[in-house]
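*Asks:* below: sequence and its predicted model.
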Amino acid sequence: MTKASLKIVRTVADLRSVAGEWKSQSLRSTLVPTMGALHKGHLEIVRMAKTLAERTIVSIFVNPTQFNNPNDLANYPRTLDADWRMLEEAGVDLLFAPRQHEMYPEDFTTKITVSKVSEGLCGAFRPGHFEGVATVVAKLFNQSQADFAVLGEKDYQQLHVVRRMTRDLDIPIEIVAHPTVREADGLAMSSRNARLTSQERLLAPELARQLNIAAAAIGQGTPAQDIYHAAHKALLAVGFSSVEYFELRAERDLMPLQSLSEPARLLTAANLGRVRLIDNLPVAK
C-alpha cells in the first residue's frame, strides 16, 4: 500500500479547516511548534506527540520577532524540503508552514509579555526574545486549536514562559515537556549545531560536561558561586569565547537559588565561535 503524502498548509484558514474537520470527528491533535532545520531531537518529540492524540501537527516558522540579532535571523538554517521528507517518514498528519505575512500582517501590533519567568538567563541577553516566543506560540495555539503541545526541555526557560502564558491566558491546551535529546557525546541536539565548525563541534560537548560536574558538586554541598566560577574558567580554557550565564534556578518558578533547597536546574548559555549554545540539567541531592 502506498503511503499517503504529508499534507502541507500555508494559511491559517486552511489549518483551521483541517483542524475543524478533525474536531467534528472527535479526533484530538497534538502540535509540535518548530522553526525547522529538523534533527533527531525533533523526531523524538514528534514520536511523543503521536502517543498523545490521534492527529499530529508540526509547524515550521522561523519567527523574526524572537531574534534580537539580525545576523542570527539571516543565518538561521532553512531546510523546508528536507524537513518535509523527515516529517512524512515520521508519520506526521499535517505540516503548517506559514509565510511571514500570514503570521504578521503589515498592521500587526500585538505583543505578549510574560514577566518573572522571562527575566534573567536568556532574557537578560536577548531583549524582546521571549515576547516574540510568547506571541507566536499563542498564535499557533489559537490557530491550530490543538489539544496538546510538546516542547523540548533544552529550551527550559522558554518552556516556563509558554506554560505561564498558556495558564494566564486560559488557553485550553496541555503543555507536555520532552527531555533534552543528546548526541552520543552529550551535546544537546540543536539546529544551531549545524553552524559549528568541525573543531568547534569537538569542543561543544564540554558545555554538557561542565553541567554534569557542577550538578554533582552542588549535590554534594559545594557552594554555588564556587561552582559557577570553576565552570566559567573551564569553558573559556577549552575555547568558548564567552559564558553568558551558568546558574542554579528553582524548577518550580526559575527563581535563583544559592543551594539545593528544592528541585532545581542548572542552566547555561555560552558562545563558541559564532554559535550560541544553551543547555540545562536537573540537579538532585
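*Replies:* Good, I have the coordinates. Numbers count the residues shown, from 1 in each chain.
*Asks:* give the buried residues for stretch 205-219.
*Replies:* 205-211, 214-215, 217-218 (16 or more other Cβ atoms under 10 Å). No exception for glycine: its C-beta is placed from N, CA and C like everyone else's.
*Asks:* next step: the residues you listed restricted to strands.
*Replies:* The strands, defined by DSSP state E, take in nothing from the buried residues of stretch 205-219.
*Asks:* could I get those as JSON lines with distance to P64 and pLDDT?
*Replies:* Formatted as JSON lines, the buried residues of stretch 205-219 follow (distance: Cβ to Cβ, whole Å; pLDDT from 0 to 100):
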{"residue": "P205", "distance to P64": "31", "pLDDT": "98"}
{"residue": "E206", "distance to P64": "32", "pLDDT": "98"}
{"residue": "L207", "distance to P64": "27", "pLDDT": "98"}
{"residue": "A208", "distance to P64": "30", "pLDDT": "98"}
{"residue": "R209", "distance to P64": "34", "pLDDT": "98"}
{"residue": "Q210", "distance to P64": "32", "pLDDT": "98"}
{"residue": "L211", "distance to P64": "30", "pLDDT": "98"}
{"residue": "A214", "distance to P64": "34", "pLDDT": "96"}
{"residue": "A215", "distance to P64": "35", "pLDDT": "95"}
{"residue": "A217", "distance to P64": "40", "pLDDT": "94"}
{"residue": "I218", "distance to P64": "38", "pLDDT": "93"}
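*Asks:* just give me the closest of those residues to R192.
*Replies:* Closest approach to R192 among the buried residues of stretch 205-219 (Cβ to Cβ): L207, at 12.2 Å.
*Asks:* can you list the domains in the protein?
*Replies:* Domains of the chain are assigned by automatic domain parsing as 7-178, 191-283.
*Asks:* show me which of the buried residues of stretch 205-219 is closest to V114.
*Replies:* Closest to V114, out of all of the buried residues of stretch 205-219 and judged by Cβ to Cβ, is L211, at 25.3 Å.
*Asks:* quickly list what the closest residue in space to the closest one that isn't next to it in sequence is bridged to.
*Replies:* Spatially, and ignoring its direct neighbours in sequence, L211 is nearest to L281 (4.3 Å; Cβ to Cβ, 6 or more residues apart in numbering). Beta bridges link L281 to L266, judged by DSSP bridges.
*Asks:* L281 against I213, yeah?
*Replies:* No: shown here, L281 and I213 do not form a contact pair, counting by Cβ atoms under 8 Å, at 10.2 Å.
*Asks:* ok, the residue nearest to Y156 when sequence neighbours are not counted to L254 distance?
*Replies:* With sequence-adjacent residues excluded and distances taken as Cβ to Cβ, 6+ apart, Y156 is closest to N280, at 4.5 Å. Separation of N280 from L254 (Cβ to Cβ, to the nearest Å): 11 Å.
*Asks:* and what of D72?
*Replies:* 23 Å.
*Asks:* okay, these two: which has more neighbours?
*Replies:* More crowded of D72 and L254, by other Cβ atoms under 10 Å: L254, with 25 against 16.
*Asks:* helix, strand, or coil at the residue nearest to that one when sequence neighbours are not counted?
*Replies:* In space, and not counting its chain neighbours, L254 is closest to V117: 5.1 Å by Cβ to Cβ, 6+ apart. Here V117 is recorded as coil under DSSP: H, G, I helix; E, B strand; the rest coil.
*Asks:* tell me the pLDDT of V117.
*Replies:* Looking at V117, its pLDDT is 97.
*Asks:* also the one 4 residues further on?
*Replies:* In this model, L121 is scored at 98, pLDDT.
*Asks:* quick one: contacts for the closest residue to it other than its chain neighbours?
*Replies:* Leaving aside its sequence neighbours, L121 sits nearest to Q157 (Cβ to Cβ, 6+ apart; 5.1 Å). Residues near Q157 by Cβ atoms under 8 Å, 6 or more residues apart in numbering: 117-118, 121-123, 130, 254, 267.
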